[in-house]
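Undergrad: For reference, the sequence and a predicted model appear below.
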Amino acid sequence: MIKKIDSVRRLQRKDLPEATKLLNRERKTAFLDWETSLLSRTVNNRNTIGVVALNRGKVVAVLIGGVLGCRGEINHCVIAPEYRHNGIGGKLVKAALIRFARLGVRRVMLDVIRKNSQAIRFWESHGLRKTDDIHMEIDL
Ligand SMILES: CC(C)(COP(=O)(O)OP(=O)(O)OC[C@H]1O[C@@H](n2cnc3c(N)ncnc32)[C@H](O)[C@@H]1OP(=O)(O)O)[C@@H](O)C(=O)NCCC(=O)NCCS
């Protein structure tokens, strides 16, 4: 069944509890537990972006990212499972790329788990291409 959304807009403070829950539902993307207080840093901050899709006021999809100079990064993009394959992820990505461009970003990057082939196809369909960079990280 097609699941409709009412709007796609910037993440607001009132969305934080639902957006946090959605991010934590998807273990592929929430490599650590999200807390509302951490996510609140993405609201009204010129160096971060947050986009949500809503159905009857309820958050059903969330994308968050950050800006460092001319480079931007999409950190997480999660659509509630029952809302997938309706073009909602695509709408979030388009809104995010427009916002990145307005903030002066010239290149957007992201990490995706190698075995998440559906997500890789999804990102490629939005113009992202694979690189041979090595991903490195440290836990704090
Ligand atoms: C990856 C993800 C963000 C995609 O979101 P989505 O809303 O399902 O994306 P879209 O609907 O725009 O596109 C997904 C597929 O639906 C298809 N689609 C889009 N609109 C459609 C429609 N109206 N009817 C049927 N199919 C449609 C697209 O062609 C695409 O097909 P493909 O997977 O064969 O390439 C979502 O599956 C998700 O949240 N996954 C779990 C978290 C995750 O892995 N995030 C990315 C980590 S980097």
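TA: Looks like it arrived, so ask away. Keep in mind the model is a prediction, meaning the values are calculated, not measured.
Undergrad: So what touches stretch 119-134?
TA: 28, 89-90, 93-94, 97, 108, 110, 112-113 (CB atoms under 8 Å, 6 or more residues apart in numbering). Placement of C-beta: from N, CA and C, glycine included.
Undergrad: which parts of it are buried?
TA: Neighbour-count burial for stretch 119-134 flags 119, 122-123, 128 (criterion: 16 or more other CB atoms under 10 Å).
Undergrad: Stretch 106-113 now?
TA: 108, 112.
Undergrad: buried residues in the helix or strand bottoming out on mean pLDDT in the chain?
TA: When the helices and strands of the chain are scored by mean pLDDT, DSSP states H and E, helix 36-39 comes last with a mean of 87. Across helix 36-39, burial judged by 16+ other CB under 10 Å covers residue 39.
Undergrad: and what of stretch 42-61?
TA: So, applying 16+ other CB under 10 Å, buried residues of stretch 42-61: 42-43, 48-55, 59-61.
Undergrad: Could you pick out which of these are located in strands?
TA: 48-55, 59-61 (DSSP state E).
Undergrad: Can you give me the pLDDT of the residue nearest to residue 71 when sequence neighbours are not counted?
TA: Distances taken as CB to CB, 6 or more residues apart in numbering put residue 107 closest to residue 71, at 5.4 Å, once the chain neighbours are dropped. For residue 107, the model assigns a pLDDT of 97.
Undergrad: need the contact list for residue 107.
TA: 70-72.
Undergrad: Out of the residues you listed, flag the one nearest to residue 8.
TA: residue 72 (18.0 Å; CB to CB).
Undergrad: So that closest one, which state does it fall into?
TA: What DSSP: H, G, I helix; E, B strand; the rest coil gives for residue 72 is strand.
Undergrad: so the nearest residue to it once chain neighbours are set aside, which of the three states?
TA: Distance criterion CB to CB, 6+ apart; nearest residue to residue 72, sequence neighbours excluded, is residue 105 at 3.8 Å. What three-state DSSP gives for residue 105 is coil.
Undergrad: follow-up on the earlier one: for the contacts of stretch 119-134, could you give me TSV that also reports distance to the ligand and secondary structure?
TA: Output for the contacts of stretch 119-134, formatted as TSV (distance: CB to the nearest ligand atom, whole Å; DSSP: H, G, I helix; E, B strand; the rest coil):
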residue	distance to the ligand	secondary structure
28	5	coil
89	2	helix
90	3	helix
93	8	helix
94	10	helix
97	13	helix
108	12	strand
110	6	coil
112	4	coil
113	7	coil
